[in-house]
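A.B. asks: got a predicted model here, sequence first, then my questions.
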Amino acid sequence: MSPSITYSEDLDGVDWVALKAALAADCFDNGRSPEQLRRSFENSSAVALARRGEEIIGTGRVLSDEVSNAYLLDVWTHSRFRRRGIAREMIRRLSSQLGGQHLYLQADAENTEFYRRLGFREQPIGMSKTIGRWLVNDGSEVSSRH
Ligand SMILES: CC(C)(COP(=O)(O)OP(=O)(O)OC[C@H]1O[C@@H](n2cnc3c(N)ncnc32)[C@H](O)[C@@H]1OP(=O)(O)O)[C@@H](O)C(=O)NCCC(=O)NCCS
């Protein structure tokens, strides 16, 4: 019998090297090292993971001020397990901790229908800026003109 899919909202037992490899193999890797991936998740307000047996097959995390504003990131379901409600369940779990807050995200055009189905609506404009150089976190690449 194949293992069932389970969900958790903590990072107990995560193998960050394996998760990084799984994300890269599934073409959802934005360049973070396993250590940077760990810090991203550990420094988040809330996380959701989906597992099949020991294998992590879904991720999501939220940054929140716990008052008015939250931001949804790293939403991923392994391509072998898509369209089974896994991302919907992870986002439901994350959202359950965000009462009264405005939840933002940035999505590619190909994912807008997915987010619309979860109740998100397009915003008039989104803007972003990389401060210094992407993934250089020690301040050495931040100019005085940012
Ligand atoms: C986007 C993604 C997270 C969706 O994960 P998933 O587990 O397959 O999503 P779910 O099965 O929970 O889908 C929820 C709903 O959205 C729909 N949906 C899922 N992907 C969709 C897509 N690409 N286009 C249209 N609808 C989609 C599902 O049919 C389902 O609808 P329903 O509940 O009304 O039947 C997954 O495709 C993925 O990991 N993509 C690559 C990483 C990525 O781009 N993440 C988003 C970063 S912004």
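C.D. replies: Here it is on my side, so go on.
A.B. asks: distance check, the residue nearest to the spatial centre of the chain against residue 133.
C.D. replies: Taking Cα atoms, centre = their mean, the centroid of the chain lies closest to residue 74, which sits 1.9 Å from it. Going from residue 74 to residue 133 by Cβ to Cβ, to the nearest Å gives 21 Å. (Each C-beta comes from the backbone N, C-alpha and C, glycine too.)
A.B. asks: ok, residue 111 next?
C.D. replies: With Cβ to Cβ as the criterion, residue 111 and residue 133 are 27 Å apart.
A.B. asks: so those two - more neighbours on which side?
C.D. replies: Higher neighbour count among residue 111 and residue 133: residue 111, with 14 against 10, using other Cβ atoms under 10 Å.
A.B. asks: Three-state assignment for that one, please.
C.D. replies: helix (DSSP: H, G, I helix; E, B strand; the rest coil).
A.B. asks: so who does the closest residue to residue 75 other than its chain neighbours touch?
C.D. replies: For residue 75, ignoring the flanking residues on the chain, the nearest one in space by Cβ to Cβ, 6 or more residues apart in numbering is residue 60 at 4.6 Å. Going by Cβ atoms under 8 Å, 6 or more residues apart in numbering, residue 60 touches 47-48, 72-76, 87, 90-91, 94.
A.B. asks: among the residues you listed, which ones are in helices?
C.D. replies: The helices, defined by DSSP state H, take in 87, 90-91, 94 from the contacts of residue 60.
A.B. asks: flag every buried residue along stretch 55-71.
C.D. replies: 56-62, 64, 70-71 (16 or more other Cβ atoms under 10 Å).
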